[in-house]
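**Q** okay, sequence plus prediction incoming.
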Amino acid sequence: MRRVPWWAVVSSGAAPVVLIGGWVVGAALQAPGYDPVTDTISELAGSGAAFPWLMGGAIGVLGVCHMVTALGLRVAGLAGRVALAAGGAASILVACSPVPPSGGSMRHSTGVVLGYSFLAVWPTLAAYRRRDLSAWGLRPVLSVTVTALFLLGALWFLEELWGHGAAGLVERLLTTGQAVWPLVVVGSCVGLGSKWLGWGRQGSRWRGSRWRGPRWLAAARVVHAEPAAVRDAWGRGRVQAGGMSANTLVTVHAVVPGTRPFRRVEIQGYDAGPAFRPEDVLRLCRDRGFHDVNLDDPAVVTWLGGDAKTWA
């Protein structure tokens, strides 16, 4: 299921390629005194470097890629998208503020600090706290772990920089991770790796940080309902999970009686959860990236056991 526009997929994939290609080619063009293990990436774009426009342009393009990815990653949390875009803007500031041959640049240092900070915290801010069955890259536990690793990497970089150690190597590892992670998130949003990880669209092995068992044991999400009643309906065999029930995008099954009747909804043949009114069907569709579903279109929605007005 595509949840991210193609141009955001392209921009997320281009970001690490441009960054790594920039420093590899830029380092090869420098004088023999440049050491990529101890010297930073910023020196490749500095005023005293050979062909500084090459690395500076790569950093600027990296920033644009982050901003484009943030614009298209609508399935992620808004705060995380803003932080990713801000990290991209900071990268552009860094590209426009080359370090001088001697001394430092306050504007360059400010851009570096802001860029590292925003790109470190955006995974946690973007974590998808609602039910998303396939975007494993936006799961809270994984996102917080990635942010912690980025922050630890920044501390490691500062230690190597102040101690005149392998600052260049650490910086390259850190920036590569920050450039690759948007691609990982976008890949999870379009379904890459879900089957291998056991996080397919039919169900989730993890929900938050709690183990929920394999996919075939996944139960339906209950919103504004009595959870026990809906779970009992599944357990007693009145609702059968999984399987393509129709050739349409959405299938709404017959009413399941109980203290609060509901209808099971399938989207692309996979259980999406219970619905208690037509608005719930639209909400389930929006959660999975389908924002313009017409419930009255028989080519899109199949109603079993009653039409859109049958809920009891």
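**A** Nice, I can see it.
**Q** A312 touches R260, doesn't it?
**A** No. If you go by C-beta atoms under 8 Å, A312 and R260 don't touch, sitting 9.6 Å apart. The C-beta positions use only the backbone N, C-alpha and C, and glycine is treated the same way.
**Q** settle it for me: which of these two has more neighbours?
**A** R260 (15 against 10; other C-beta atoms under 10 Å).
**Q** and that one, what are its phi and psi?
**A** Phi and psi for R260, reported as degrees, to the nearest 10, are phi -140, psi 100.
**Q** any idea which element the closest residue to A179 other than its chain neighbours lies in?
**A** Nearest residue to A179, sequence neighbours excluded (C-beta to C-beta, 6 or more residues apart in numbering): P16, at 4.2 Å. Using DSSP states H and E, P16 sits within helix 6-28.
**Q** elements contacting that helix?
**A** Counting contacts by 3 or more C-beta pairs under 8 Å, 6 or more residues apart in numbering; DSSP states H and E, helix 6-28 is packed against helix 52-72, helix 167-189.
**Q** got JSON lines for these, with distance to G88 too?
**A** Shown next, in JSON lines, are the helices and strands packed on helix 6-28 (distance: least, C-beta to C-beta, whole Å):
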{"stretch": "helix 52-72", "distance to G88": "3"}
{"stretch": "helix 167-189", "distance to G88": "10"}
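**Q** Throw the ones you listed into JSON lines and include mean pLDDT, thanks.
**A** Shown next, in JSON lines, are the helices and strands packed on helix 6-28 (pLDDT from 0 to 100):
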{"stretch": "helix 52-72", "mean pLDDT": "95"}
{"stretch": "helix 167-189", "mean pLDDT": "93"}
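**Q** picking that back up, for V24, see how far away the residue nearest to A179 is.
**A** Remark: distance between P16 and V24 (C-beta to C-beta, to the nearest Å) = 12 Å.
**Q** have a look at these two and say which one is more surrounded.
**A** P16 (20 against 12).
**Q** flag the shaky bits of the stretch 101-250 of the chain, pLDDT-wise.
**A** Under the criterion pLDDT under 70, the flagged ranges of the stretch 101-250 of the chain are 103, 129-134, 192-246.
**Q** strands of that one, start to end?
**A** 206-207, 210-211, 250-256 (DSSP state E, counting those that start in this stretch).
**Q** the helix or strand just after the longest one to strand 250-256, inter-axis angle?
**A** Just to be clear, that refers to strand 250-256. Next helix or strand after strand 250-256 toward the C-terminus (DSSP H and E): strand 262-267. Interaxial angle of strand 262-267 relative to strand 250-256 (axes from the mean of the first three to the mean of the last three C-alpha atoms, to 10 degrees): 160 degrees.
**Q** and strand 262-267, how far out from the chain's middle?
**A** Remark: strand 262-267 is offset 27 Å from the chain centroid, using C-alpha atoms, centre = their mean, to the nearest Å.
**Q** partners of that strand in the sheet?
**A** strand 250-256 (antiparallel), strand 270-275 (antiparallel) (DSSP bridges).
**Q** closest to V99 out of the ones you listed?
**A** Nearest to V99 among the strands paired with strand 262-267 is strand 270-275 (52.1 Å), distances taken as C-beta to C-beta.
**Q** buried residues in that closest one?
**A** Using 16 or more other C-beta atoms under 10 Å as the test for burial, strand 270-275 gives 270-275.
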